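Chemist: Give the three-dimensional model of this entry:
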Amino acid sequence: MISADLFRLRRGAALRNTIIGVVAFIIFMGVVISLTQSEGFEQLTTEAMSAAELAALAQDLAAEQITMIDSGASFTREAVAQFILPLFFLPILIAVFCADFSAGTFRNTLSHHSNRNKTYWSKLILSTLLCIGLVVIELVSSCIVGGIVFGFTGFTSSFFMEMLKMVLLQLPIMLAVVAVSHAVIAFTKK
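Modeler: All right, here's what the predicted structure looks like:
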(Lines give C-alpha, C1' and ligand atoms only; values in the text may rest on other atoms or scores of the structure.)
Protein backbone atom coordinates (compact mmCIF):
# COMPACT_ATOMS: atom_id res chain seq x y z
CA MET A 1 0.00 0.00 0.00
CA ILE A 2 2.86 2.38 0.82
CA SER A 3 4.52 1.70 -2.52
CA ALA A 4 1.25 2.48 -4.35
CA ASP A 5 0.96 5.81 -2.53
CA LEU A 6 4.62 6.58 -3.26
CA PHE A 7 4.02 5.87 -6.94
CA ARG A 8 1.05 8.26 -6.94
CA LEU A 9 3.10 10.94 -5.13
CA ARG A 10 5.97 10.64 -7.62
CA ARG A 11 3.54 11.13 -10.52
CA GLY A 12 1.73 14.03 -8.84
CA ALA A 13 2.83 17.57 -8.19
CA ALA A 14 2.05 17.93 -4.47
CA LEU A 15 5.31 16.52 -3.12
CA ARG A 16 7.45 18.26 -5.71
CA ASN A 17 5.72 21.61 -5.15
CA THR A 18 6.02 21.27 -1.38
CA ILE A 19 9.76 20.63 -1.63
CA ILE A 20 10.11 23.58 -4.00
CA GLY A 21 8.11 25.71 -1.54
CA VAL A 22 10.37 24.80 1.40
CA VAL A 23 13.54 25.50 -0.59
CA ALA A 24 12.10 28.76 -1.97
CA PHE A 25 11.16 29.89 1.54
CA ILE A 26 14.68 29.15 2.79
CA ILE A 27 16.16 31.10 -0.14
CA PHE A 28 13.76 34.01 0.49
CA MET A 29 14.67 33.99 4.17
CA GLY A 30 18.39 34.07 3.33
CA VAL A 31 17.98 36.95 0.89
CA VAL A 32 15.84 39.01 3.29
CA ILE A 33 18.20 38.49 6.21
CA SER A 34 21.18 39.28 4.00
CA LEU A 35 19.58 42.49 2.76
CA THR A 36 18.49 43.68 6.20
CA GLN A 37 21.99 43.15 7.58
CA SER A 38 23.72 44.98 4.74
CA GLU A 39 25.37 48.36 5.20
CA GLY A 40 23.07 49.95 2.62
CA PHE A 41 20.00 48.97 4.62
CA GLU A 42 21.59 50.31 7.78
CA GLN A 43 22.34 53.63 6.09
CA LEU A 44 18.82 53.81 4.70
CA THR A 45 17.26 53.27 8.11
CA THR A 46 19.55 55.75 9.85
CA GLU A 47 18.77 58.42 7.25
CA ALA A 48 15.02 57.81 7.45
CA MET A 49 14.78 57.71 11.26
CA SER A 50 15.45 60.26 13.93
CA ALA A 51 17.85 59.60 16.79
CA ALA A 52 14.98 58.85 19.18
CA GLU A 53 13.46 56.36 16.75
CA LEU A 54 16.83 54.67 16.25
CA ALA A 55 17.30 54.39 20.01
CA ALA A 56 13.82 52.89 20.39
CA LEU A 57 14.52 50.43 17.57
CA ALA A 58 17.85 49.42 19.11
CA GLN A 59 16.12 48.89 22.46
CA ASP A 60 13.39 46.76 20.82
CA LEU A 61 15.98 44.65 19.01
CA ALA A 62 17.93 44.16 22.22
CA ALA A 63 14.74 43.16 24.03
CA GLU A 64 13.96 40.60 21.33
CA GLN A 65 17.54 39.30 21.53
CA ILE A 66 17.94 39.36 17.79
CA THR A 67 21.39 38.23 16.86
CA MET A 68 23.29 39.09 13.74
CA ILE A 69 23.68 36.20 11.37
CA ASP A 70 27.31 36.05 10.40
CA SER A 71 27.79 32.49 9.18
CA GLY A 72 26.00 29.70 7.38
CA ALA A 73 25.71 27.82 10.65
CA SER A 74 23.95 30.69 12.41
CA PHE A 75 21.56 31.03 9.46
CA THR A 76 20.76 27.31 9.64
CA ARG A 77 20.25 27.59 13.39
CA GLU A 78 17.85 30.49 12.89
CA ALA A 79 15.95 28.75 10.06
CA VAL A 80 15.40 25.62 12.12
CA ALA A 81 14.50 27.61 15.25
CA GLN A 82 11.70 29.44 13.39
CA PHE A 83 9.81 26.09 13.21
CA ILE A 84 7.69 26.95 10.18
CA LEU A 85 7.96 23.47 8.69
CA PRO A 86 4.61 22.11 10.00
CA LEU A 87 2.91 24.64 7.71
CA PHE A 88 4.37 22.76 4.76
CA PHE A 89 3.06 19.39 6.00
CA LEU A 90 -0.50 20.09 4.88
CA PRO A 91 0.03 19.46 1.13
CA ILE A 92 1.75 16.18 1.93
CA LEU A 93 -1.05 15.08 4.22
CA ILE A 94 -3.64 16.02 1.63
CA ALA A 95 -1.77 14.16 -1.10
CA VAL A 96 -1.34 11.02 0.98
CA PHE A 97 -4.63 10.72 2.83
CA CYS A 98 -7.21 13.09 1.33
CA ALA A 99 -6.61 12.07 -2.26
CA ASP A 100 -8.55 8.85 -1.75
CA PHE A 101 -11.51 10.71 -0.27
CA SER A 102 -11.62 13.38 -2.96
CA ALA A 103 -11.25 10.86 -5.80
CA GLY A 104 -13.83 8.55 -4.23
CA THR A 105 -11.43 5.60 -4.16
CA PHE A 106 -11.22 5.17 -0.41
CA ARG A 107 -13.99 2.55 -0.40
CA ASN A 108 -12.11 0.61 -3.07
CA THR A 109 -8.94 0.83 -1.00
CA LEU A 110 -10.77 -0.45 2.08
CA SER A 111 -12.43 -3.28 0.15
CA HIS A 112 -9.10 -4.37 -1.36
CA HIS A 113 -7.33 -4.15 2.00
CA SER A 114 -9.99 -5.45 4.36
CA ASN A 115 -8.11 -4.28 7.45
CA ARG A 116 -8.84 -0.60 8.12
CA ASN A 117 -6.03 -0.37 10.67
CA LYS A 118 -3.51 -1.51 8.08
CA THR A 119 -4.75 1.14 5.64
CA TYR A 120 -4.71 3.92 8.22
CA TRP A 121 -1.31 2.99 9.66
CA SER A 122 0.32 2.67 6.23
CA LYS A 123 -0.86 6.15 5.28
CA LEU A 124 0.23 7.54 8.67
CA ILE A 125 3.68 5.93 8.39
CA LEU A 126 4.12 7.25 4.85
CA SER A 127 3.07 10.77 5.90
CA THR A 128 5.45 10.64 8.85
CA LEU A 129 8.36 9.48 6.71
CA LEU A 130 7.67 12.16 4.12
CA CYS A 131 7.52 14.86 6.79
CA ILE A 132 10.80 13.65 8.30
CA GLY A 133 12.25 13.77 4.79
CA LEU A 134 11.02 17.35 4.54
CA VAL A 135 12.90 18.14 7.77
CA VAL A 136 16.08 16.74 6.21
CA ILE A 137 15.48 18.80 3.06
CA GLU A 138 15.02 21.92 5.21
CA LEU A 139 18.29 21.27 7.05
CA VAL A 140 20.29 20.59 3.91
CA SER A 141 18.86 23.53 1.98
CA SER A 142 19.36 25.94 4.89
CA CYS A 143 22.99 24.78 5.22
CA ILE A 144 23.55 25.31 1.50
CA VAL A 145 21.74 28.68 1.31
CA GLY A 146 23.36 29.86 4.54
CA GLY A 147 26.74 28.80 3.25
CA ILE A 148 26.29 30.57 -0.07
CA VAL A 149 24.89 33.79 1.41
CA PHE A 150 26.82 34.04 4.70
CA GLY A 151 29.82 31.77 4.16
CA PHE A 152 30.53 28.17 4.96
CA THR A 153 31.80 28.82 8.47
CA GLY A 154 30.61 27.46 11.77
CA PHE A 155 29.71 24.00 10.52
CA THR A 156 31.41 22.04 13.29
CA SER A 157 30.55 18.77 14.94
CA SER A 158 29.08 20.63 17.92
CA PHE A 159 26.86 22.59 15.51
CA PHE A 160 25.54 19.38 13.96
CA MET A 161 24.94 17.89 17.41
CA GLU A 162 23.01 21.06 18.36
CA MET A 163 20.92 20.79 15.18
CA LEU A 164 20.24 17.12 15.87
CA LYS A 165 19.12 17.95 19.40
CA MET A 166 16.92 20.81 18.14
CA VAL A 167 15.25 18.64 15.51
CA LEU A 168 14.73 15.78 17.97
CA LEU A 169 13.06 18.20 20.39
CA GLN A 170 10.78 19.49 17.60
CA LEU A 171 10.03 16.01 16.25
CA PRO A 172 7.25 15.08 18.74
CA ILE A 173 5.37 18.26 17.84
CA MET A 174 5.74 17.52 14.13
CA LEU A 175 4.57 13.94 14.61
CA ALA A 176 1.61 15.19 16.64
CA VAL A 177 0.67 17.57 13.83
CA VAL A 178 0.74 14.67 11.37
CA ALA A 179 -1.22 12.32 13.64
CA VAL A 180 -3.88 14.86 14.59
CA SER A 181 -4.28 15.90 10.96
CA HIS A 182 -4.79 12.28 9.95
CA ALA A 183 -7.33 11.80 12.71
CA VAL A 184 -9.27 14.90 11.63
CA ILE A 185 -9.21 13.78 8.01
CA ALA A 186 -10.35 10.26 8.96
CA PHE A 187 -13.25 11.51 11.09
CA THR A 188 -14.43 14.22 8.69
CA LYS A 189 -13.62 12.28 5.51
CA LYS A 190 -12.75 15.57 3.82
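
Chemist: Helices along the chain, start to end?
Modeler: 2-11, 14-36, 39-48, 51-64, 72-81, 89-93, 99-103, 106-112, 116-150, 157-188 (DSSP state H).

Chemist: list the buried ones in the longest one?
Modeler: Going by neighbour count (16 or more other C-beta atoms under 10 Å), the buried part of helix 116-150 is 119, 122-124, 126-128, 130-131, 134-135, 137-139, 141-147, 149-150. (Each C-beta comes from the backbone N, C-alpha and C, glycine too.)

Chemist: Counting by contacts, list what that helix packs against.
Modeler: Contact analysis of helix 116-150 by 3 or more C-beta pairs under 8 Å, 6 or more residues apart in numbering; DSSP states H and E lists helix 2-11, helix 14-36, helix 72-81, helix 89-93, helix 106-112, helix 157-188 as its packing neighbours.

Chemist: and the third one, average pLDDT?
Modeler: Think helix 72-81. For helix 72-81, the mean per-residue pLDDT is 89.

Chemist: now swap in stretch 21-40 and tell me
Modeler: Stretch 21-40 shows a mean pLDDT of 86.

Chemist: before we move on, the earlier item: which stretch among the helices and strands packed on helix 116-150 comes nearest residue 56?
Modeler: For residue 56, the closest of these is helix 14-36, at 17.4 Å, according to C-beta to C-beta.

Chemist: Pull the distance from that closest one to the chain's centre.
Modeler: Put simply, helix 14-36 sits 10 Å off its chain's centre (C-alpha atoms, centre = their mean, to the nearest Å).

Chemist: Where does pLDDT dip in the protein?
Modeler: The model of the chain has pLDDT under 70 over residues 38-51, 54, 57-67, 99-114, 189-190.

Chemist: Of the helices and strands packed on helix 116-150, which stretch is the most buried?
Modeler: Highest mean neighbour count of the helices and strands packed on helix 116-150: helix 72-81, a mean of 21 (counted as mean count of other C-beta atoms under 10 Å).

Chemist: Remind me what that helix packs against, helices and strands.
Modeler: When contacts are defined as 3+ C-beta pairs under 8 Å, 6+ apart, helix 72-81 packs onto helix 14-36, helix 116-150, helix 157-188.
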